[in-house]
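**Student:** Need the 3D shape of this:
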Amino acid sequence: MKNKNFVIEKKPQDGICNICLNQFDVLSEDHVPPESTGNHGKLEYRYYFNTAGKTQFHEFTDGIRYKTVCHECNGSLSNFDRCIATFYKQSWQVDLNNCDEHSFSIKPNGIIRGVLGHFLSSKSTHNRSVFDDFCIDAWNDITKPLPQTFNFYVKYYPHNDIRVVRDLVLIGRTPAFTSVMKIKPWAFIVTDQEIYDEHVTRWNDYFAYPWHQKKNVSISVSHACPQDEPEGNVEIMKILGLLATESVIGKKLET
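**Tutor:** Predicted structure coming up:
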């Protein structure tokens with residue numbers, strides 16, 4: 001293990017913000033997932049798809065962080081992070097293992113835009129994929145509804161691994177461009193295909209809501225998202241997209 005305070009940076013370190021594409025002398029650090037979800041403290045981290053033949057571990061001393069966005073865009077992200085923080089705070093106050101469904105008083109569109117913004121942070125280049133174009137639509141005008149080109153799903157995730165998986169193509173009957181962000185107790189799954197699973201909650205109806213509007217949202221928690229799905233399903237062929245090789249998995253270390 002490389003025993004240092006590791007931060008994922010741009011390659012090359014060109015100072016160009018992944019979100020606004022302006023150039024700066026110094027970029028800021030963004031926690032992905034947000035720090036308020038539990039992404040802090042000592043973490044062991046590795047790339048999810050090991051294409052080099054040897055697994056290399058790094059250690060974060062303050063959560064998984066990316067130095068890829070400017071201070072202004074990072075500040076804008078914090079508005080949506082407060083929406084995500086409220087969702088997680090309410091989740092921690094409930095025993096989700098002992099109910100089939102639970103209702104949360106949250107701002108779903110703010111959560112959606114926050115998750116998509118952090119996906120933009122979680123890569124070492126500002127070059128954009130089709131998925132990034134969808135994410136940036138959440139930022140160009142936050143008063144406009146999001147396009148329905150991708151689907152946004154939320155599923156109960158009771159596992160300890162933190163996973164940030166981008167630009168994965170799952171080959172089924174129809175190729176599904178998929179990105180996943182998982183941190184206990186929720187998995188956020190963004191894909192251009194529909195997921196036919198009664199235990200996963202689709203949030204596309206909230207794409208047209210104002211980001212600051214509060215809503216009572218019911219989420220099924222009767223069936224947990226497997227720790228390694230959909231990104232690790234061995235029965236489905238996978239193609240690594242533009243930045244899939246930068247997908248990460250983190251594990252909490254005891255202090």
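**Student:** Tell me which helix or strand in this protein has the weakest average pLDDT.
**Tutor:** strand 58-60 (a mean of 75; mean pLDDT, DSSP states H and E).
**Student:** same for that one, what does it pack against?
**Tutor:** In this structure, strand 58-60 packs against strand 43-47, with contacts taken as 3 or more CB pairs under 8 Å, 6 or more residues apart in numbering; DSSP states H and E. Quick note: C-beta positions are derived from backbone N, CA and C, even for glycine.
**Student:** tell me the secondary structure for the nearest residue in space to Cys135 that is not next to it in sequence?
**Tutor:** Leaving out its chain neighbours, the residue that sits closest to Cys135 by CB to CB, 6 or more residues apart in numbering is Leu116, at 4.1 Å. Three-state call for Leu116 (DSSP: H, G, I helix; E, B strand; the rest coil): helix.
**Student:** Tell me which residues touch His159, please.
**Tutor:** 182, 184, 224, 227 (CB atoms under 8 Å, 6 or more residues apart in numbering).
**Student:** The nearest residue to Asp25 once chain neighbours are set aside: how many residues sit nearby?
**Tutor:** Leaving aside its chain neighbours, Asp25 sits nearest to Gly15 (6.3 Å; criterion: CB to CB, 6+ apart). Neighbourhood size, Gly15 [other CB atoms under 10 Å]: 13.
**Student:** Would you mind giving both backbone torsions of Gly15?
**Tutor:** Note on Gly15: its backbone torsions stand at phi 80, psi 10 [degrees, to the nearest 10].
**Student:** Pretty sure it sits against Ser28.
**Tutor:** No: the pair Gly15 / Ser28 is not scored as a contact, 11.3 Å apart, by CB atoms under 8 Å.
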